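S.K.: After the sequence you'll find the predicted model.
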Protein chains: 2
Amino acid sequence: MERRTVAARIHDLDAELTSAGRRAAHGLLGNYPLLGLAPVAEFAAGAGVSAATIVRFVAQLGFRSYPDFQRALREELEERSKSPLQRAATQAAGPSETSFLSGFLAQSARRLDETAALISPGEFETVCRRLAETKRTCYLAGGRFTDFLAGYLEAHLRLIRPGIRRLDGRPATSADQLIDVKAGDLAVLFDVRRYDPAMLEVARTLSRRKAHIVLITDEWLSPIARHARYCLPCRTETGRTWDANAVLLALAEAIIARVTELNWSTASERIGALEGD
Amino acid sequence: MERRTVAARIHDLDAELTSAGRRAAHGLLGNYPLLGLAPVAEFAAGAGVSAATIVRFVAQLGFRSYPDFQRALREELEERSKSPLQRAATQAAGPSETSFLSGFLAQSARRLDETAALISPGEFETVCRRLAETKRTCYLAGGRFTDFLAGYLEAHLRLIRPGIRRLDGRPATSADQLIDVKAGDLAVLFDVRRYDPAMLEVARTLSRRKAHIVLITDEWLSPIARHARYCLPCRTETGRTWDANAVLLALAEAIIARVTELNWSTASERIGALEGD
DNA sequence: TAACTTCTGTAACAGTAGTTCCACAAATAC
DNA sequence: GTATTTGTGGAACTACTGTTACAGAAGTTA
């Protein structure tokens, strides 16, 4: 009695789904399986379609009626709660023909785990504490494909604390931007291969002015590492054409989360103001 | 609104329960909360009492009707499914053996796995094939915290194929940018909560001009979903202050990888030119 | 652009669920 | 042991939910 889960059935259909049917599918998958246990009207409202569409969708999944469909969901939920271990086992063994996407995302997940092993927890904590201090100015910059990471970190840190300044990577302007740098100031630099010469130049200048550099880079380490006081390397290698920078963003988000925690008293006010607007 | 769980309410009653009422209680607690999500008759059969007893029991618990009781159970179940994240979040804050960073990254990894389950492989593949076609112009845009994702995707797609155009989110300028849009053109939009009204406006315009929208959003689905032909939702919830957008970047990278593969013959030339410079 | 096909929501319909009433059974008090 | 109270299940009733038919909208093709 090989029972396919409802979620699996949805993925099977996928090509045959109409636009409204797809919205129903996404709604259900979005908070699975609870929306399906609600009455049709509620399911419909939650997915932003009409009740009739839900009924058609359920019929398409191969159920004779909506109550029938709900029964299947309940049984599925029962299975799941009974044997969490067994479920994990069958789930792992189940989809032998993994799709490109799930394969890629699984790889991405593994890179995250490897990164956790690569970075020393103490160093991470120290960096976050330094970022949480508001006495010193904090500079941010990134290279060709990493500048947006600096921007993302900047946008969040700005909400948490004052004294954040973004540097743009162009050599011409960077000199001007750096005249205010004081000894002991903090600078977070992103740099992955093919390493940006302009970034190296910025790092040299910062180093000369005795700023403390936090370097976020890949496993092969940017040449900036020689000037960095703190270095947080990430696993980015994919074995494909492009390296994966999502790991760097995850690290940036970890930093944001930790600094938010450390500075919660001041951060909560600022964030509250944002929510209000 | 009293926020007590149903199980707690049952324990409160305990003394006042009659013999049949107690059987109902034990039945429900026995496989909680699934039996309560079944129709009354089934609940009654499962507990070995009559339907009327179940109704009385539910009334005794303080619910105005059986559907009301079921709604409470569903909400409870929803809370419960959310809490592992929150538990993990608070756990990392305490003096635990795992470091903040590795805990956070492990969570990020899990979100990736969940996202893989959320997106149907077929839809992903279709989107990639559409992006690989070079006949149609492809527009890209993102909201407040996601614009950089559009930028990242743009930068890579530009290397793979011609006909890429980036839209900036400001309503004033977007109208001008959209005058060239032709029916059947493709548009990739990023939007996560708190959803950007300007992005919705852009989507509306694109929809009116019969462009095909690919929406990359979070599990709660941006309102743009109503106008989207393809929708790729990501698990972003962290149980913390900030949602996690690294998943979206990972998805974007998956798209880049797949489109590169599909268009390898033309992409390799262009990339080769970049390497050489 | 027009004809055609397919899809989607509205509204009426039908069936089944939840609810209530009543008679009977248990338990307790006298 | 009888009278009274309380609890229980069967059966009728009502209301709501799932279903279906239809007409209009959207999309597709020539």
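M.R.: Yes, it's here. Numbers count the residues shown, from 1 in each chain, chains lettered A, B, ... in the order given.

S.K.: wait, is residue A:238 part of a strand?
M.R.: No: applying DSSP: H, G, I helix; E, B strand; the rest coil, one finds residue A:238 to be coil, outside a strand.

S.K.: That one contacts residue A:247, correct?
M.R.: No: the pair residue A:238 / residue A:247 is not scored as a contact, 10.3 Å apart, by Cβ atoms under 8 Å. From N, CA and C alone the C-beta is placed, and that goes for glycine too.

S.K.: Who has more neighbours out of those two?
M.R.: Neighbour tally, residue A:238 and residue A:247, criterion other Cβ atoms under 10 Å in any protein chain shown: the higher count belongs to residue A:247, 29 against 15.

S.K.: hmm, the strand or helix carrying that one touching chain B?
M.R.: Using DSSP states H and E, residue A:247 sits in helix A:246-262. Yes: applying Cβ under 8 Å from any Cβ of the partner chain, one finds helix A:246-262 touching chain B at A:246, A:247, A:249, A:250, A:251, A:253, A:254, A:256, A:257, A:258, A:260, A:261.

S.K.: same check, this time on stretch A:9-20
M.R.: Yes: using Cβ under 8 Å from any Cβ, we find that stretch A:9-20 touches chain B at A:10, A:11, A:14, A:15, A:19.

S.K.: Looking at neighbours, which among the residues you listed is most surrounded?
M.R.: Counting neighbours by other Cβ under 10 Å, residue A:10 comes out on top of the residues of stretch A:9-20 next to chain B with 22 neighbours.

S.K.: Helix or strand for that one, just tell me which one.
M.R.: Using DSSP H and E, residue A:10 sits within helix A:6-13.

S.K.: One more: residue A:135?
M.R.: When the helices and strands are read off by DSSP H and E, none of them contains residue A:135.

S.K.: Report the contact partners of it.
M.R.: By Cβ atoms under 8 Å, 6 or more residues apart in numbering or on different chains, residue A:135 lies in contact with residue A:163.

S.K.: The helix holding residue A:247 vs helix B:246-262, what angle?
M.R.: 170 degrees (axes from the mean of the first three to the mean of the last three Cα atoms, to 10 degrees).

S.K.: For chain A, list the residues in contact with DNA strand C, please.
M.R.: A:18, A:19, A:20, A:21, A:49, A:50, A:51, A:52, A:53, A:56, A:67 (Cβ under 7 Å from any atom of the strand).

S.K.: Which ChimeraX command selects the buried ones in those residues?
M.R.: Per 16 or more other Cβ atoms under 10 Å in any protein chain shown, the buried members of the residues of chain A next to DNA strand C correspond to this ChimeraX selection:
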select /A:20,21,49,53,56
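
S.K.: among the residues of chain A next to DNA strand C, which are in reach of DNA strand D?
M.R.: A:51, A:52, A:56, A:67.

S.K.: now, which of these sits nearest residue B:115?
M.R.: Residue B:115 lies nearest to residue A:56 out of those, by Cβ to Cβ, at 27.0 Å.

S.K.: what sits against the residue nearest to the closest one when sequence neighbours are not counted?
M.R.: Among residues not flanking residue A:56 along the chain, residue A:21 sits closest, at 7.0 Å (Cβ to Cβ, 6 or more residues apart in numbering or on different chains). When contacts are counted by Cβ under 8 Å, 6+ apart, residue A:21 touches A:13, A:53, A:56, A:57, A:60.

S.K.: now do residue A:23
M.R.: With Cβ under 8 Å, 6+ apart, residue A:23 has these contacts: A:47, A:48, A:49, A:53, B:225, B:226, B:231.

S.K.: what's the span of stretch A:7-23, first residue to last?
M.R.: Terminal residues of stretch A:7-23 are spaced 14 Å apart (Cα to Cα, to the nearest Å).

S.K.: Any stretches of chain A with poor pLDDT?
M.R.: Along chain A, segments meeting pLDDT under 70 span A:1-3, A:81-97, A:169-175, A:274-277.

S.K.: Without its sequence neighbours, what residue ends up closest to the residue most central in space within it?
M.R.: Compute the mean C-alpha point of chain A, and by Cα atoms, centre = their mean the closest residue is residue A:250, 4.8 Å away. Spatially, and ignoring its direct neighbours in sequence, residue A:250 is nearest to residue B:246 (3.9 Å; Cβ to Cβ, 6+ apart).

S.K.: for that neighbour, what are its contacts?
M.R.: A:246, A:247, A:249, A:250, A:253, B:108.

S.K.: any idea which of those residues is the one closest to DNA strand C?
M.R.: Ranked by distance to DNA strand C (Cβ to the nearest atom of the strand), the contacts of residue B:246 are led by residue A:246 at 32.5 Å.

S.K.: For the helix or strand where residue A:71 lies, buried residues please.
M.R.: For residue A:71, the host element (DSSP H and E) is helix A:66-82. Under the neighbour-count criterion of 16+ other Cβ under 10 Å, helix A:66-82 has A:66, A:69, A:70, A:71, A:72, A:73, A:74, A:76, A:77 buried.

S.K.: How are the strands of chain A distributed by residue range?
M.R.: Secondary structure of chain A by DSSP state E: the strands cover A:138-142, A:164-166, A:186-191, A:212-218, A:230-234.

S.K.: Could you dump those into TSV with distance to DNA strand D and mean neighbour count added?
M.R.: Shown next, in TSV, are the strands of chain A (distance: least, Cβ to the nearest atom of the strand, whole Å; neighbours: other Cβ atoms under 10 Å in any protein chain shown):
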stretch	distance to DNA strand D	mean neighbour count
strand A:138-142	40	26
strand A:164-166	41	18
strand A:186-191	41	27
strand A:212-218	43	23
strand A:230-234	42	22
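
S.K.: how's chain A carved up into domains?
M.R.: Domain assignment for chain A by automatic domain parsing gives A:6-97, A:107-276.

S.K.: Distance from the first one to the middle of the chain?
M.R.: Think domain A:6-97. Computed by Cα atoms, centre = their mean, to the nearest Å, the chain-centroid distance of domain A:6-97 equals 26 Å.

S.K.: Would you mind stating the distance between residue A:224 and DNA strand D?
M.R.: Distance, residue A:224 to DNA strand D, by Cβ to the nearest atom of the strand, to the nearest Å: 50 Å.

S.K.: Once you drop chain neighbours, what's closest to that residue?
M.R.: Using Cβ to Cβ, 6+ apart, the nearest residue to residue A:224 is residue A:203, at 4.3 Å.

S.K.: try residue A:229
M.R.: residue A:212 (4.5 Å).

S.K.: Looking at the contacts of residue A:21, which is nearest DNA strand C?
M.R.: Distances from DNA strand C to these, taken by Cβ to the nearest atom of the strand, are shortest for residue A:53, at 3.9 Å.

S.K.: Contacts only, for the closest one.
M.R.: So residue A:53 contacts A:20, A:21, A:23, A:24, A:44 (Cβ under 8 Å, 6+ apart).

S.K.: In helices only, show me those.
M.R.: Using DSSP state H, the subset of these located in helices is A:20, A:21, A:23, A:24, A:44.
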